[in-house]
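**Student:** just to be clear, the model below is a prediction. Sequence and coordinates:
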Amino acid sequence: MGIRKAVSAFLASTVFVLLLSLLFPLFGKGGSIGEILHRIGNSYMIYGMYVFPVVLLYGTLASLAAEWITRRSSGMRRIAFSGTVHLALGALFGVFTNIGFSLFGLIGSGLFFLTDEWLRACVQHTRYWERIRNTSMVAPFVLGAVALGLIWGFEPRPQPIDMQQAVRMAVEPEGTVNAMFPDTIGEKRGVIEGYQVTRTTTAVKIAEGTYRVTFTERWEKGSERGENRMHYLVEAGSVGADGGEGPKPPYKRISF
């Protein structure tokens, strides 16, 4: 009986996780076929992290308890009684954790009960039982490998950006020093604490979709002059500092 319960737990968990992934995929709705498959793969892995341990531990113990409670019954009476106990213990899981999980507990326990009753009949046919047992134990891992393949194979690829998009990405967010520079290739002039200040934004293409954006700040006041440069490597979804040259300005940087 113990082996049958373990197989029931594996099989019911696999079916439950697969149904949740297909009917209630995480991380949004719609999109291309690739995006949908990517979400299904992610959903299978995330749902599986929670469902498999709960069903294998709590579900198996609950089913064993139902088996013991109904041990003196037989026929349809045993089936009805056992089904009721399974559902009650499944709903009770929500009381121990979160009441919102009671519905999932009911569905999971119902699947466990139906699977266990089906396997009870299959045990009598040794050849079929061995096939079902072996398949049920391997299925979660095979589907897990398929899910990983969907995640990696359909990982959204960011579209390459153009030079102007790279500049805007480097300038953002507001409230930073970078945001004080032109958000397009060019320059702007102003006066800060008596210094004539020129801020220039330039960009150079390094590779397809990758740019080096440079912010140059020059200042002049009488015979005092200086220049500071900050470089950034920008590509789709990524902005990284790439060094700089020159001293910091002798004034407090403000927008103009």
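**Tutor:** Yep, that arrived. Numbering: from 1, shown residues only.
**Student:** mind listing what residue 66 touches?
**Tutor:** By C-beta atoms under 8 Å, 6 or more residues apart in numbering, the contact list for residue 66 reads 82, 85, 86, 89, 113. For every residue, glycine as well, the C-beta is placed using N, CA and C.
**Student:** neighbour-wise, give me the winner out of these.
**Tutor:** Within the contacts of residue 66, most neighbours by other C-beta atoms under 10 Å means residue 86, with 27 neighbours.
**Student:** Three-state assignment for that residue, please.
**Tutor:** The three-state label given to residue 86 by DSSP: H, G, I helix; E, B strand; the rest coil is helix.
**Student:** show me the contacts for the residue lying closest to it once chain neighbours are set aside.
**Tutor:** On the basis of C-beta to C-beta, 6 or more residues apart in numbering, the spatially nearest residue to residue 86 that is not a chain neighbour turns out to be residue 113, at 4.0 Å. Shown here is residue 113, whose contacts under the criterion C-beta under 8 Å, 6+ apart are 63, 66, 82, 83, 86, 87.
**Student:** what about the residue most central in space within the chain, distance to residue 151?
**Tutor:** Central residue check for the chain by C-alpha atoms, centre = their mean: the C-alpha nearest the mean position is that of residue 42, 6.1 Å away. In this structure, residue 42 and residue 151 are 6 Å apart, going by C-beta to C-beta, to the nearest Å.
**Student:** tell me which stretches of the protein form strands.
**Tutor:** Counting by DSSP state E, the chain has these strands, from start to end: 186-192, 195-207, 210-221, 224-235, 238-245.
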